[in-house]
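In: Predicted model, plus sequence, below.
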Amino acid sequence: MITLRSAREIELMRRAGKITAAARALAGEMVKPGVTTREIDKAVYQFIKSQGAEPSFLNYNGYPASVCISVNDEIIHGIPGKRVLQEGDIVSVDVGAYIGGFHGDCAATYACGSISEEAQRLIDVTRQSFFEGIKNAREGMRISDIGHAVQEYVEANGFSVVREYVGHGVGRQMHESPEVPNYGAPGHGPKLLRGMTIAVEPMVNMGAAAIRQMPDGWTVKTADGKYAAHYENTILITSGEPELLTVPAP
């Protein structure tokens, strides 16, 4: 069931979104050669707790950390640990915060030091594909109109869209209806209604779209070993332009 948010609930989601976005920004600032992924996870945990919130991901279906940190050919759900970031890595950070009964959810991919031109292009195209997608995140349009725009933009730039994982509704639960694919024909799926809150999150591979699941049960990598990037925000469907809820406080 798709839930439409009241004005009060939207205010609570803005609050959760600001904390989540600030946690993402903190993680991004920490992406430097010599830093371990566990250090980033610890700092984000402490920050979210300091805001009176809880990390949405910690213990979610057994996930053992507060942040998903996915490096290079890891697409999503990388588990923080002893890995030391190296010059030239690209690092995807996915984070959620829960406060006042609601979740925020966002992600971005960051350069570790100096990276290749093609890796930077992958990051830029992935981010822009989100903004291309949400041009269609308007009242009266369909869920698949978002994904169609994402796919067209990504593939026009020579990259591939991951199929097995998609965006989703977000609110009182971390994952709610509807699913928000990043591909497909336009004009399908639920109609977008004012008050819907969804996470739109393109996952883009430099090479082929195929994935492989790692034995840890969480980490998802590209099948061909090429780099991947991820960009996500929680958005609110309004009577006009969609509102990004995961924007850090000024």
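Out: Received it, and whenever you're ready, just let me know what you need.

In: Mind giving me the packing neighbours of the helix ranked longest in the chain?
Out: Of all segments of type helix in the chain, defined using DSSP state H, the longest is helix 7-30. Helices and strands touching helix 7-30, by 3 or more Cβ pairs under 8 Å, 6 or more residues apart in numbering; DSSP states H and E, are helix 37-50, strand 67-71, strand 90-99, strand 102-111, strand 233-236. Any C-beta I mention is one placed from the backbone N, CA and C, and that applies to glycine too.

In: hmm, try it at 6 Å
Out: Secondary-structure packing of helix 7-30 (3 or more Cβ pairs under 6 Å, 6 or more residues apart in numbering; DSSP states H and E): helix 37-50, strand 90-99, strand 102-111.

In: Output those in TSV; the columns should cover mean neighbour count and mean pLDDT.
Out: Converted to TSV, these look like this (neighbours: other Cβ atoms under 10 Å; pLDDT from 0 to 100):
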stretch	mean neighbour count	mean pLDDT
helix 37-50	19	98
strand 90-99	27	98
strand 102-111	26	98
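
In: List just the one of these that sits closest to residue 142.
Out: strand 102-111 (21.6 Å; Cβ to Cβ).

In: Alpha carbons only: can I get the closest one in PDB?
Out: Only the C-alpha atoms of strand 102-111 are listed here, as PDB (Å, rounded to 0.1, in the frame of the first residue of the first chain):
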ATOM      1  CA  PHE A 102      10.400   8.400  10.000                       C
ATOM      2  CA  HIS A 103      13.500   7.500   7.900                       C
ATOM      3  CA  GLY A 104      15.600   9.500   5.500                       C
ATOM      4  CA  ASP A 105      17.700   7.600   2.900                       C
ATOM      5  CA  CYS A 106      20.400   8.900   0.500                       C
ATOM      6  CA  ALA A 107      23.600   8.000  -1.200                       C
ATOM      7  CA  ALA A 108      26.400   9.400  -3.300                       C
ATOM      8  CA  THR A 109      29.700   8.300  -4.900                       C
ATOM      9  CA  TYR A 110      32.900  10.200  -4.000                       C
ATOM     10  CA  ALA A 111      36.400  10.400  -5.500                       C
END
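
In: any residues touching it, and which ones?
Out: 12-13, 16-17, 20-21, 24, 28, 31, 56, 90-92, 94, 96-97, 123, 170-171, 174, 199, 229-234, 246 (Cβ atoms under 6 Å, 6 or more residues apart in numbering).

In: If any of the residues you listed are buried, give me the PyMOL selection for them.
Out: Burial among the contacts of strand 102-111 is assessed by 16 or more other Cβ atoms under 10 Å; the matching PyMOL selection reads:
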select buried, resi 12+13+16+17+20+21+24+31+56+90+91+92+94+96+97+123+170+171+174+199+229+230+231+232+233+234+246
